[in-house]
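In: sequence? don't have it. structure:
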């Protein structure tokens, strides 16, 4: 069974207090995730916004659960909260291997999709995995938010 998980978490204080540490840790997270998630056949994206993470993962249940347990034990994350955990019939990010997107560098990215998504959550009308994936895929089409890894240093 394929499943889709979306969680939010906070960056550790050390990352929040030191921009160079944040970049270094994001480089390491991206490198590790690309290798490990490829081996586990997990796809998805990581969004970073002012010290907060939003990650979308998809893959087979056992592997996603294993990865999520690892993330919860990663000292770079705190306050891990799973917002969505549902079965899906197909991948939405089959062509994405854990790329990182930094939203805080483009605060003017306020689309009607972003407002609709926020308003649904505020009204407690939870979108399904397909709707979330569609929203995120629209958001990450902005090339200026793609994390540049070592080039960011």
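Out: It's in. Just so it is clear, the model here is predicted, and its values are computed rather than measured.

In: residue 65 and residue 31, how far apart?
Out: For residue 65, the distance to residue 31 equals 23 Å [CB to CB, to the nearest Å]. Where you see a C-beta, it was placed from the backbone N, CA and C, and this is true even at glycine.

In: show me where the chain has helices.
Out: Under the criterion DSSP state H, helices of the chain are mapped to 13-17, 19-40, 61-72, 112-122, 129-139.

In: tell me which of those is the most buried.
Out: Of all the helices of the chain, helix 129-139 carries the top mean neighbour count, a mean of 18, counting by mean count of other CB atoms under 10 Å.

In: what pLDDT does the model give residue 67?
Out: According to the prediction, residue 67 has pLDDT 93.

In: so who does it touch?
Out: Counting by CB atoms under 8 Å, 6 or more residues apart in numbering, residue 67 makes contact with 36-37, 40, 42, 57, 59.

In: out of those, who's nearest residue 11?
Out: residue 57 (17.9 Å; CB to CB).

In: in space, what's closest to residue 133 - neighbours in sequence excluded?
Out: Nearest residue to residue 133, sequence neighbours excluded (CB to CB, 6 or more residues apart in numbering): residue 92, at 3.2 Å.
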